[in-house]
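Chemist: dropping the sequence and predicted coords here.
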Amino acid sequence: MVNDNPLIKPVNIDDSYIQQVFNYYMQCYLHDPAMQLFVGQSSRIPHAFRYSAHVGVCNRTLGKHILAMRTLTGGAMRGSLKRSQLLNPSGHELFRSCIIFPTMDKHNHVIAAIGYRYGQRIRHWQSPIIQWHKPESDKYITQGFKLIQEMIYG
């Protein structure tokens with residue numbers, strides 16, 4: 001029998017990295033009055049999003065705050081963000097040059113996001129709106145955690 005409220009809960013490191021990225025985007029937004037003005041006045045941003053409590057901006061500085069790929073920590077984080085598709089295979093941010101509005105679950109974890117480009121000129125190959133959904137965690141790993149919990153409580 002599996003306990004519904006275990007003392008030892010499995011940690012999904014990918015979720016942790018996703019949260020850190022969106023927290024970074026929110027901090028960038030809070031420290032950028034020009035982006036706040038843009039959200040309040042731009043016709044690109046739907047009115048329903050203008051007063052959202054969770055707004056971020058991807059100003060292409062995230063990569064400067066993550067260790068290099070050749071380091072253990074940097075490689076783990078960058079690899080995780082590539083699996084989550086927040087970084088492209090080339091290492092560029094999915095939401096580069098976007099105002100980001102994340103969707104949170106009941107535990108305040110990011111499960112999806114939509115980004116609106118804020119540049120004055122959007123190139124013909126760029127989408128003005130980018131949507132992202134957090135990939136489902138690997139069922140194999142989830143089942144493994146359940147088996148471990150059963151063994152601990154058994």
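Modeler: Structure's in. What do you need? Numbers count the residues shown, from 1 in each chain.
Chemist: how close does the residue lying closest to residue 63 once chain neighbours are set aside get to residue 82?
Modeler: Nearest non-adjacent residue to residue 63, counting by Cβ to Cβ, 6 or more residues apart in numbering: residue 91, 6.8 Å away. C-beta: built from backbone N, CA, C; applies to glycine. Residue 91 sits 8 Å away from residue 82, going by Cβ to Cβ, to the nearest Å.
Chemist: so which of the two has more stuff around it?
Modeler: It is residue 82, of residue 91 and residue 82, that has more neighbours when counted by other Cβ atoms under 10 Å, with 15 against 12.
Chemist: pull the distance from the helix or strand encompassing that one to the chain's centre.
Modeler: Counting by DSSP states H and E, the element that carries residue 82 is helix 72-83. Distance, stretch centre to chain centre, for helix 72-83: 13 Å (Cα atoms, centre = their mean, to the nearest Å).
Chemist: go on, stretch 30-43?
Modeler: 20 Å.
Chemist: in that stretch, which residues are buried?
Modeler: Neighbour-count burial for stretch 30-43, counted by 16 or more other Cβ atoms under 10 Å, picks out 35, 38, 39.
Chemist: so the last one is in contact with residue 45, correct?
Modeler: Okay, so that is residue 39. Yes: with contacts counted by Cβ atoms under 8 Å, residue 39 reaches residue 45, the gap being 5.4 Å.
Chemist: and for the two, which residues touch both?
Modeler: Each of residue 99 lies in contact with both residue 39 and residue 45 under the rule Cβ atoms under 8 Å, 6 or more residues apart in numbering.
Chemist: one step back: who touches whichever helix or strand comes after the helix holding residue 82?
Modeler: Scanning forward in sequence from helix 72-83 by DSSP H and E, the next helix or strand is strand 98-104. Outside of strand 98-104, the residues within contact range by Cβ under 8 Å, 6+ apart are 22, 25, 29, 35, 38-39, 45, 49, 52, 54-58, 110-118, 130.
Chemist: in helices, which of the residues you listed appear?
Modeler: Among those, the members found in helices (DSSP state H) are 22, 25, 29, 35, 38, 39.
Chemist: residues touching the spatially closest residue to the fourth one that is not a sequence neighbour, list them.
Modeler: Here the nearest residue to residue 35 in space, its sequence neighbours aside, is residue 57; by Cβ to Cβ, 6+ apart that works out to 4.7 Å. Shown here is residue 57, whose contacts under the criterion Cβ under 8 Å, 6+ apart are 25, 28, 29, 32, 35, 98, 99, 100, 118.
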